[in-house]
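S.K.: Quick one: sequence and predicted model below, then my questions.
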Amino acid sequence: ESLHVLVLSGSLRTGSVNTRLGSLVAALVTRAGATAEAATLGDFPMPPYDGDAEADEGLPPGALALCERIAAAQALIIASPEYNASVPGVLKNAIDWVSRYRPQPFKDKQTLLVSASPSMVGGNRGLWALRIPLEHLGARVYPDMFSLAGAHQAFTGDGALTDPGLGERLTTTIGSFLDLAEADTRYLCLQRR
Ligand code: FNR
């Protein structure tokens, strides 16, 4: 049985470079022998977190659907933009809603963070900020991360990276992450027996 990976883009934008990076990542995951499911936060619409709404109605359907998708995956890859050197509000809002679900879906989840930005930093500062809530929730955030700078001109027509060295590094990072996620999934299964 192969590893199932949810690849989630943290952007709602149609022309999102992070959604494009997510598609490439999903293709590389599949090529590595795992199964990948690519989604964006737009697939899980949810209102801003409100404790009164939660008390009255519980989690909104979009948040529940995201919880189920995360829980069903053995590994999670998030492709997120950097907004003002931090996590985009829509992604943080989704994390806040999901954190209210039990069993808490991020707990023990093998997670890889990638980003894309037209800037020269590639959105890397946003990923450091994203580690904080995820690690707080018990996600096993992979030490290595991948940030794509100059992302508006980094893709070929068929969705690969124009820079072959960079493409090689992304492939290697994903391969190492999947190896660890697979070993960890096996370990967790043994522990739960
Ligand atoms: C940005 N952008 C941006 N880029 C960056 O590298 N560092 C940053 O701190 C920010 N800050 C920021 C704030 C806000 C409010 C917006 C709207 C944008 C630019 C951002 O990287 C660019 O819009 C990307 O294209 C967004 O990602 P998607 O939607 O293309 O995936």
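M.R.: Yep, that arrived. Residues are numbered from 1 along each chain as shown.
S.K.: Scan the protein for its longest helix.
M.R.: helix 164-192 (DSSP state H).
S.K.: Tell me the buried residues in that helix?
M.R.: Neighbour counts using 16 or more other CB atoms under 10 Å place Gly167, Leu170, Thr171, Thr173, Ile174, Phe177, Leu178, Leu180, Ala181, Glu182, Asp184, Thr185 of helix 164-192 among the buried residues. Any C-beta I mention is one placed from the backbone N, CA and C, and that applies to glycine too.
S.K.: May I have the predicted confidence score for the second one?
M.R.: Each residue has a pLDDT score; the one for Leu170 is 98.
S.K.: now the chain, which segments are flagged as low pLDDT?
M.R.: Nowhere does the chain drop to pLDDT under 70.
S.K.: Enumerate the residues of it near the ligand.
M.R.: Within the chain, the positions adjacent to the ligand are 11, 13, 16-18, 81-85, 117-119, 121, 123 by CB under 6 Å from any ligand atom.
S.K.: could you list every residue that touches Ile174?
M.R.: When contacts are counted by CB atoms under 8 Å, 6 or more residues apart in numbering, Ile174 touches Val25, Leu28, Val29, Ala32, Ile77, Leu112.
S.K.: possible to save those as TSV with secondary structure and neighbour count?
M.R.: Converted to TSV, the contacts of Ile174 look like this (DSSP: H, G, I helix; E, B strand; the rest coil; neighbours: other CB atoms under 10 Å):
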residue	secondary structure	neighbour count
Val25	helix	26
Leu28	helix	21
Val29	helix	27
Ala32	coil	17
Ile77	strand	29
Leu112	strand	27
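S.K.: for this protein, what spans make up the strands?
M.R.: 4-9, 35-40, 75-79, 110-116, 140-141, 146-148 (DSSP state E).
S.K.: Can you tell me which of the residues of the chain next to the ligand are buried?
M.R.: Looks like the residues of the chain next to the ligand have Ser11, Ser16, Val17, Asn18, Pro81, Glu82, Tyr83, Ser117, Gly123 buried, using 16+ other CB under 10 Å.
S.K.: Surely the first one is in contact with Ser80?
M.R.: Yes. Counting by CB atoms under 8 Å, Ser11 touches Ser80, with 7.4 Å between them.
S.K.: Can you pull the residues that touch both of these two?
M.R.: Asn18, Pro88.
S.K.: ok, Gly62 to the ligand distance?
M.R.: To the ligand, Gly62 is 19 Å away according to CB to the nearest ligand atom, to the nearest Å.
S.K.: Closest one to the ligand out of the contacts of Ile174, please.
M.R.: Val25 (13.0 Å; CB to the nearest ligand atom).
S.K.: got a list of what that closest one touches?
M.R.: Applying CB under 8 Å, 6+ apart, the residues contacting Val25 are Val7, Ala36, Ile77, Ala79, Val114, Leu170, Ile174.
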